[in-house]
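1. I'd like to go over a predicted model; first the sequence, then the structure.
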2 protein chains.
Amino acid sequence: MWEPLIRNLSKYVPLTSDEVKVVESLFTFKKYRKRQYILQEGDVTRYETFILKGVTRTYQVDDKGQEHIVQFGLEDWWIGDLFSFLTETPTTYNIDCLEETEVVQITKADLETLYEKVPKMERHFRLIIQNAFIASTRRLSSNLSKSAPERYEDFIKKYPQIDQRVANHQIASYLGITPQTLSRIRSQAAERQ
Amino acid sequence: MWEPLIRNLSKYVPLTSDEVKVVESLFTFKKYRKRQYILQEGDVTRYETFILKGVTRTYQVDDKGQEHIVQFGLEDWWIGDLFSFLTETPTTYNIDCLEETEVVQITKADLETLYEKVPKMERHFRLIIQNAFIASTRRLSSNLSKSAPERYEDFIKKYPQIDQRVANHQIASYLGITPQTLSRIRSQAAERQ
DNA sequence: CGAAAATTTGACATGACTCAACTGGAGTGG
DNA sequence: CCACTCCAGTTGAGTCATGTCAAATTTTCG
């Protein structure tokens, strides 16, 4: 069960078997059902969450009541609102599961303990923040400079095979277009093959 | 000269006069002329830069050769590509000055020294990263959910009075619209008054 | 002052949205 | 297991927002 997490955490810096034990003692396993919330707007994010199995969506509801998917979470991804987690303030995001999803989670206090006992982990999590930041700026410039079909193509590259696991209208919400427009984009892309 | 920087750094945690001296010894003053680059694509970001006076623009050039302004820098703002600075990799951004601009800068090595001598600064810079990240996700969802006139209104709120200092087509580039569209938005907004 | 750049305005094209109707498949209850 | 409902997806028609191209006007700056 721990293997995917350990592999993820050793990505930049390998862990000794003692360190692996520390990790295992600080994370908690949890299973969520399809449609169950992992996080709701107004909650304080108590855990950083690592996905072992399943798919999640992180979304925001705008002034007009419309949902916008900010991120999909798949196996081997970290999800959770970093800002809310780090500052212990209420989140503006919702996270729920699109399939039955298995995760491991760590609280802020336990993460501090982890940093103390395995200092190199600090670097790892700083890199996670950095990568989240970069992903966000990339997506921003892609939104500013690209048409809907181009963004769809980028999306397919970034999340390969996700279209088999996630409903079409969810992908449309991620791309910031209507399901109808996405449907037309897909049929035109199919034609061109 | 140092006052704006010290005020900025004491925002979350006050500094003693000894600490102020450390800060003053580690930052370097620099003056840039209008149109001069502070950073160019391909460079490694050697400094984090704090603006004392002036206006800068941070922009990216997309595949189609079009410029997209990512951020304007004004007095009391930090600019620079954090990712490139922290990882010492080449940047994909350009930063240049829209007016004569005075800044103070710190290298990565000196920032480490600062952390050592004034540990509370670590918190300050982590908060800067966090805020940059939040600003980016905010702008992303605003781009996904709002029309051009709404985004223009948000922009004016975020950067008050900037329209007196920055050319119209620059603002258009920030908003991801054409200068013509911005011109029409402005004339319609004026009508409504 | 004069050239170059920025802004404005108009006409038209186009991409994406809305509304509506239709189709097909998944899940549910009898 | 079938019939029914409901939701997702598709398709079409019309509309609207924004882009494109072009010309006229204003501003900036050497």
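-> Here it is on my side, so go on.

2. drop to CA atoms for contacts and neighbour counts, all remaining ones
-> Noted.

3. give me the next element, helix or strand, following the helix or strand bottoming out on mean pLDDT in chain A.
-> Using mean pLDDT, DSSP states H and E, helix A:120-145 stands out as the lowest-scoring helix or strand of chain A, at a mean of 85. Later in the chain than helix A:120-145, the nearest helix or strand by DSSP states H and E is helix A:148-158.

4. how far is that following helix from where the chain is centred?
-> Centroid separation for helix A:148-158 versus its chain: 18 Å, with Cα atoms, centre = their mean, to the nearest Å.

5. residues touching that helix, excluding its own?
-> Defining contact as Cα atoms under 8 Å, 6 or more residues apart in numbering or on different chains, one finds that helix A:148-158 is touched by A:142-143, A:162-163, A:175, A:177, A:185.

6. also stretch A:104-111?
-> Residues from elsewhere that reach stretch A:104-111 (Cα under 8 Å, 6+ apart): A:26-30, A:46-52, A:85-86.

7. same question, stretch A:32-39
-> If you take Cα under 8 Å, 6+ apart as the criterion, stretch A:32-39 is touched by A:45, A:80, A:93-102.

8. which one of these sits closest to B:K120?
-> Among the contacts of stretch A:32-39, A:T45 lies closest to B:K120 (Cα to Cα), at 24.4 Å.

9. quick check: closest non-adjacent residue to A:I79.
-> Nearest non-adjacent residue to A:I79, counting by Cα to Cα, 6 or more residues apart in numbering or on different chains: A:T49, 5.4 Å away.

10. for A:Q71, phi and psi?
-> phi -160, psi 140 (degrees, to the nearest 10).

11. name the SS class of the closest residue to it other than its chain neighbours, please.
-> Closest residue to A:Q71 apart from its sequence neighbours, by Cα to Cα, 6+ apart: A:T58 at 5.2 Å. Following DSSP: H, G, I helix; E, B strand; the rest coil, A:T58 is assigned to strand.

12. ok, A:T58 - contacts?
-> Taking Cα under 8 Å, 6+ apart, one finds A:69-73, A:93-96 in contact with A:T58.

13. which of the residues you listed sit farthest apart?
-> A:G73 and A:Y93 (13.6 Å).

14. and the pLDDT for the closest residue to A:H169 other than its chain neighbours?
-> Counting by Cα to Cα, 6+ apart, A:P179 is the residue found nearest to A:H169 once chain neighbours are left out, at 5.0 Å. You'll see A:P179 listed with a pLDDT of 96.

15. neighbours of A:P179, how many?
-> 17 (other Cα atoms under 10 Å in any protein chain shown).

16. so it sits against A:A167, correct?
-> No - assessed by Cα atoms under 8 Å, A:P179 is found out of contact with A:A167, at 10.0 Å.
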